[in-house]
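1. what would the 3D arrangement of this be:
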Amino acid sequence: MLLIVDDQEITPSMNVDDLVTLVRGPVDSEVVLVVRRIDGDESNEMTFRIVRAEIELPSVEWRLLDDDPQTADIGYLRLTTFTERSGGEMRNAIQELMEGGALRFLLDLRGNPGGLVNSAVEIADLWLDGGVVLIEERADGSQTKLEANADPLAGDAPLVVVVDGGSASASEILAGALRDNGRARLVGEKTFGKGSVQLIHELSDRSSLHVTNAQWFTPNHHQITGQGLAPDVLVEAGVDPLPEAIALLAENAPTATASDTKTGD
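-> Sure thing, here's the model as predicted:
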């Protein structure tokens, strides 16, 4: 039982969030915990001095959809955020899936709020044999085009990307790059629509001023901000999009010709 965190006594009114706030702190700083250990009828208080460290959770989950012979060669990849490690994690996941027999892939970006743009470009490199990944257009009208390296890990494997309203920012950059380069189709819901670079100025009254100084566009110059990406196959909220994504993979056709709508009826 946790009793004290840095001289702060734990009370019955505190919830888990309160405890997490007390224990958290700068990396390499020390936190002192006093706990009560109950061993049979004896109760002993113990003090621990712990150095705080950053805990990094994996951003990529993967598995073969081998519970059905029809999908046993499909590698499922779920990307939850874009960190400095995501590119390497995605590369390792793709390699392991290919070694396990994956020939087709589902990339699930649902609920991914974004993260590092460079990570999105790095992951796009794994799928694209060259081409533009992202266009950054600044307020003065100047542009910068970021291009993929022409050395993909899975450049020929059929690919479908699953998105929803929680797919934002770097997720939209990656999904837009894969679609505009004819590499993948999108299944699910319309994405969030966040594609701007902002400077944040802290004000004296503790409020902040957000100034947009650049916008992100997909390779076909589709504006992400305020518009999002409409999927090639729209699946309404509450309906599992994976069957539709698997159906697209069965067609083995990476470029879209029409949009369909699937409902729960």
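2. measure L134 to Q223 for me?
-> Per Cβ to Cβ, to the nearest Å, L134 is found 12 Å from Q223. C-beta here means a position set from N, CA and C on the backbone, and glycine is covered the same way.
3. now swap in G176 and tell me
-> From G176 across to Q223, the span is 10 Å (Cβ to Cβ).
4. more crowded one of these two?
-> Neighbour totals were compared for G176 and Q223, and G176 leads with 28 against 16 (other Cβ atoms under 10 Å).
5. that one - that's part of a helix, no?
-> Yes. With DSSP: H, G, I helix; E, B strand; the rest coil as the criterion, G176 is located in a helix.
6. nearest spatial neighbour of it, skipping sequence neighbours?
-> With Cβ to Cβ, 6 or more residues apart in numbering as the criterion, G176 has its nearest non-adjacent residue at 3.3 Å, and that residue is T218.
7. hang on, that neighbour packs against I135?
-> Yes. Between T218 and I135 there is a contact under Cβ atoms under 8 Å: 7.4 Å.
8. how does this protein divide up, domain by domain?
-> Listed by automatic domain parsing, the domain ranges of the chain are 2-51, 60-262.
9. so which helix or strand of this structure has the lowest pLDDT on average?
-> Lowest mean confidence among the helices and strands of the chain (mean pLDDT, DSSP states H and E): strand 260-262, at a mean of 48.
10. give me phi/psi at A93?
-> Here is the backbone geometry of A93 (degrees, to the nearest 10): phi -60, psi -40.
11. tell me the confidence at it?
-> The model reports A93 with a pLDDT of 98.
12. ok, it touching L79?
-> No. Contact criterion Cβ under 8 Å: A93 and L79 do not qualify, at 9.2 Å.
13. still on that earlier bit, hey, what's in contact with both of L134 and Q223?
-> Shared contacts of L134 and Q223 (Cβ atoms under 8 Å, 6 or more residues apart in numbering): F217.
14. what residues does the residue most central in space within the chain make contact with?
-> For the chain, the residue nearest the mean C-alpha position is T81 (2.8 Å; Cα atoms, centre = their mean). By Cβ under 8 Å, 6+ apart, T81 lies in contact with S59, N112, P113, G114, G115.
15. A102: which of these is nearest?
-> Of all the contacts of T81, S59 has the smallest distance to A102: 19.2 Å, by Cβ to Cβ.
16. let's have the contacts of T81 in TSV, adding secondary structure.
-> Output for the contacts of T81, formatted as TSV (three-state DSSP):
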residue	secondary structure
S59	coil
N112	coil
P113	coil
G114	coil
G115	strand
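17. what touches both of A93 and L79?
-> Residues touching both A93 and L79 (Cβ under 8 Å, 6+ apart): V60.
18. skip the chain neighbours and tell me the closest residue to L22.
-> V5 (4.2 Å).
19. same check on A53?
-> Using Cβ to Cβ, 6+ apart and skipping residues adjacent in sequence, the residue nearest A53 is V27, 6.1 Å away.
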